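**Student:** what's the 3D shape of this:
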Amino acid sequence: MKKEISVQLIVGLAIILIGGGVMGGEFFLVKWLPHHRQAVKEETLKPLPYKNDKLGVELQVSSGFMGEVEEFAGGARITRTKFWSIGPSLTITSQPNPDATFEFDPKMVAAWQTEGIYKELPRYHYAREKINNRDAVLIWQYRKRAMELSTHVITSERLIEIYCTPGKEDEEIYMQACEETVRTLKVAGPEPPPLTQPMLDLTTPPPKAKGR
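**Tutor:** Purely as a prediction, here's the structure:
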């Protein structure tokens with residue numbers, strides 16, 4: 001009799017524990033995880049002001065990148081260090097524009113447009129647009145085991161380049177952070193005159209982040 005009661009008790013406890021584990025797992029997946037991910041996303045995308053007079057730039061950097069700031073000749077690098085993996089980073093460079101033009105050379109633009117096809121670069125995407133009234137080219141591509149957004153902006157005085165990568169962090173969230181950051185860029189210098197003709201653009205569909 002004692003043996004039968006002991007077995008029944010064990011079976012009952014096992015059922016309770018398994019049921020509790022299933023309910024806990026469901027709560028984690030359905031309730032807690034989405035809210036946690038949304039909170040992480042909002043915190044990562046929160047804009048923080050960054051200005052560098054030497055480079056002639058000002059922008060709102062997503063807080064997910066803010067960490068160590070390293071300045072070097074003609075540029076600056078913002079990195080959030082991760083001891084166990086490669087962290088996200090944002091690198092800005094500035095150099096004089098020898099041609100003193102407000103728009104990129106058409107040959108250079110054509111090379112950017114077709115580079116992904118000719119070199120068969122994975123997840124390559126090109127777009128040309130205006131960033132705060134400056135001629136800009138944005139290029140997404142998969143490099144060094146991570147996505148990267150390179151942004152090229154021209155003024156009559158400067159050539160600005162921004163390289164942004166999520167490293168091993170959440171690609172979807174941090175690539176959005178890259179895009180939102182670079183689109184806030186303001187560059188010192190004279191404003192360009194009104195366009196006499198529209199810019200040619202062969203924009204391709206943007207790459208999808210993993211998991212979408």
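
**Student:** got a list of what residue 142 touches?
**Tutor:** The contact partners of residue 142, taken as C-beta atoms under 8 Å, 6 or more residues apart in numbering, are 121-124, 148, 207. Backbone N, C-alpha and C define where each C-beta goes, glycine included.

**Student:** is residue 161 bridged to anything, and to what?
**Tutor:** residue 93, residue 152 (DSSP bridges).

**Student:** show me what the helix or strand harbouring residue 128 is packed against.
**Tutor:** Assigned by DSSP states H and E, residue 128 falls within strand 125-131. Strand 125-131 is packed against helix 106-118, strand 134-143, with contacts defined by 3 or more C-beta pairs under 8 Å, 6 or more residues apart in numbering; DSSP states H and E.

**Student:** could you dump these into CSV with mean pLDDT and distance to residue 162 added?
**Tutor:** Shown next, in CSV, are those (pLDDT from 0 to 100; distance: least, C-beta to C-beta, whole Å):
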stretch, mean pLDDT, distance to residue 162
helix 106-118, 95, 15
strand 134-143, 96, 9
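
**Student:** which one of these is the most hemmed in?
**Tutor:** For the helices and strands packed on strand 125-131, ranked by mean neighbour count under the definition mean count of other C-beta atoms under 10 Å, the leader is strand 134-143 at a mean of 19.

**Student:** thanks a lot, catch you later.
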